Structure formats: structure tokens, C-alpha cells
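1. can you look at this prediction? I've put the sequence above it.
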Amino acid sequence: MRLALYQPDIPQNTGAVLRLGACFRTPVEIIEPCGFPFDDKRLRRAAMDYGGQCDLARHASWQAYLEARPPGRLVLLSTAGAVPYTDFVYAPTDVLLLGRESRGVPDEVHAAADARVRIPMSAGLRSLNVAMSAGIVLAEALRQLGILQGKTEL
């Protein structure tokens, strides 16, 4: 299981995802360009001292990511996803892909996804932030895979 952020805009969310990846021993892929300097102090503050413990890979572009991508399905978290995230059956090699906070992902990236899942929410509300969405779906995926079954450590 991996998390991938497509051209993230907000350093605090990216930092929170790095912290999530470290705490759940889930590698994080950053698909650049980012909307901020990657060494930004807000990013470091959000990741706290966990950033160095995260298995992190950076890719200069979408094409570079595709060339380096390990085998497995690309599961896009999208408000346009047809399947609720709780109804999807996750695999250990899945990559959970999250789009930019400001614009999601372009059609090319959407089309490349093997599956699209959504987080159901109250009518009239658009979306959660990227870090919160990553945490919700990653926790469900790890639960399904038996990784979060009452263990205190991963």
C-alpha cells in the first residue's frame, strides 16, 4: 500500500500526509511540481519530526511517476468516484492517489486510474481536505488487509 500526492498545493496537508505515512509505515510518493517549495518550513512543521521517518519518493512529473511506479492498481480518491471507499476491496499493492487541493487531477490522470473511490458526505458539501481524506481511506484499506486488527505497532 502506498499514498501518492499529485502536485500538492498546501504544505501543511503534505506534511500531515508524510506524518500519516510514517505512523502507518506507508510509503508516500510526491508527484511534482508542488505548489510550494518542498523544504518550506510549514511542511516541516506539519510533518514534525516524523518526516524523516517516512519512506518518501519524489517524482519530477506525472510521466516520471508512471515510469517509476511499482506494480499495483492506481486508486484515485475523487468526489466523482462511483464507489464508496468502504465498498472497495483493497489490495496490498494499491496506490491511493490524491489530487491537488485546488483542482484535483486532470483528465489524463483520472483516466489512468484503475479505480475511483469517494468518501460519502452530507449533501451540498464538496470535499474534505487531502490529508483527512488520505487518513480515512488508508485506515479502511489497512483495516481490510488485517493490518489494524488491534495491533499497537505496525
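-> Now that the structure is in, tell me what you want to look at.
2. which parts of this protein are helices?
-> Ranges of helices in the chain, per DSSP state H, are 11-23, 41-47, 62-68, 107-112, 130-144.
3. which helices and strands sit right next to the third one?
-> On a contact count with 3 or more CB pairs under 8 Å, 6 or more residues apart in numbering; DSSP states H and E, helix 62-68 meets strand 28-31, strand 56-59, helix 107-112. In short, each C-beta sits where N, CA and C put it, glycine included.
4. could you give the mean pLDDT of the first one?
-> This points to strand 28-31. If you average the pLDDT over strand 28-31, you get 96.
5. by contact count, what packs against that strand?
-> With contacts defined as 3+ CB pairs under 8 Å, 6+ apart, strand 28-31 has these neighbours: strand 2-6, helix 11-23, strand 56-59, helix 62-68.
6. ok, which of those comes nearest A91?
-> Among these, the nearest to A91 by CB to CB is strand 2-6 (11.4 Å).
7. what's the angle between the closest one and helix 130-144?
-> Strand 2-6 and helix 130-144 are oriented at 160 degrees to each other (axes from the mean of the first three to the mean of the last three CA atoms, to 10 degrees).
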